[in-house]
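Peer 1: Just the structure for this:
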Amino acid sequence: MLKYRIHTIWKSLTGEKTTLKAFTKLILTAIGCISSVFTFAVLIKDWVGFDKFELLCKKYWLALILIGFVASLIINHEKISCHGSKEDDDLIIDVKINSLFKIAASSYVIPTNTYFRTIMDDEYISPNSVQGAFQTKYYKKSLDELNAKIAQSLADQGIVGVASRDNYGNVKKYPIGTVAKVTRKKKHYYFVAICDVNEFGKPIRQNYGNVTDALNGLIATINRCGHCDDLAIPLIGTGRAAIREATIDKVVQDTIDFFLDSNDKIARKLVICISPKDYCDGKVNIKKIANYLEFKCEFDK
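Peer 2: Predicted coordinates for the structure are as follows:
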């Protein structure tokens, strides 16, 4: 949502300025910026006799101070992304605080339920979930088309579901980690079954093994019938799946580990997306994530 994007930018500029050390750094940087501008104005006057710039600085000194503080905030802002690469298999990994579909990629991962239901009535699939956002964006008026693509992908892979039933009728249930690949306008979307749901669509029997099974299933499916390209993935299990043990740090680290430790090259570039809402709510330590990513890429061969 737009409000979280704006809040993310604002927090990245101001969020770390609560300690004396950070505030002192902000002040000193602002003074340095202001001094640099004024010194440049004096040099222009001394070198070529042009004094209008210096006079402007003196006349609008309050504006100069404001510009200096804004420049200091930008210079000292908190990074909202980190980058790593593994040279021996030419894999790039980025971790970004951004909405999944704001990322420029060739393929995307969509967590879903083991029924592969797409119904949005009564928030069976919430519009605030990754799957809900995808369906609203691309298949709002054509869910039957999406259902047909999912069913065809599962059939093409020879995956047979078990007959089941919920409040919307008969349905097939598939194992956690099952993946259906949907292609739309030359982009690929991997629907990954992450949780069982009851007859109302509420997740049940959640445990962290679901995340492991989902990542294993995703990697196996991409390796078998997917594409080695730029892949954007949300934090599986941290959202509507409501897996208690699936903390942001743990899921980020495990996602990095699964792709770096794979014996096969699954993607050219992996972009791990962290929800702006989680960042705004203070649940994300991007420095800690950056340190882990750097360590894994540099030392864990």
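
Peer 1: residue ranges for the helices of the stretch 101-250 of the chain, please.
Peer 2: Here the stretch 101-250 of the chain has its helices, by DSSP state H, counting those that start in this stretch, at 130-138, 143-156, 209-225, 248-261.

Peer 1: list the helices and strands the third one packs on?
Peer 2: Spelled out, that is helix 209-225. In terms of contacts (3 or more CB pairs under 8 Å, 6 or more residues apart in numbering; DSSP states H and E), helix 209-225 is packed against strand 107-113, strand 179-184, strand 187-197, helix 248-261. In this view, the C-beta of every residue, glycine as well, is placed from N, C-alpha and C.

Peer 1: highest average neighbour count across the ones you listed?
Peer 2: The highest mean neighbour count among the helices and strands packed on helix 209-225, using mean count of other CB atoms under 10 Å, belongs to strand 107-113: a mean of 25.

Peer 1: And for that one, what's in contact with it?
Peer 2: 100-101, 129-131, 134, 187-197, 201, 203, 214, 218, 222, 226-227, 229-234, 236-237, 239-241, 267 (CB atoms under 8 Å, 6 or more residues apart in numbering).

Peer 1: that older thread, who wins for proximity to residue 46 among the helices of the stretch 101-250 of the chain?
Peer 2: Nearest to residue 46, of all these, is helix 248-261, at 53.6 Å by CB to CB.

Peer 1: Contacts for the closest one, please.
Peer 2: Contacts of helix 248-261 (CB under 8 Å, 6+ apart): 84, 86, 91, 93, 95, 208, 211-212, 215-216, 219, 233, 235-238, 266-267, 270, 272, 274, 278, 283-285, 288-289, 292-293, 296-297, 300.

Peer 1: Identify all contacting residues around the particular helix or strand that has residue 70 in it.
Peer 2: In the assignment (DSSP states H and E), residue 70 maps to helix 61-75. With CB under 8 Å, 6+ apart as the contact definition, helix 61-75 has outside contacts at 13-14, 26-27, 29-31, 33-34, 37-38, 57.

Peer 1: got the buried residues for the helix or strand that that helix is followed by?
Peer 2: As assigned by DSSP H and E, the chain's next helix or strand after helix 61-75 is strand 81-86. Buried positions in strand 81-86, judged by neighbour count with 16 or more other CB atoms under 10 Å: 81-82, 84, 86.
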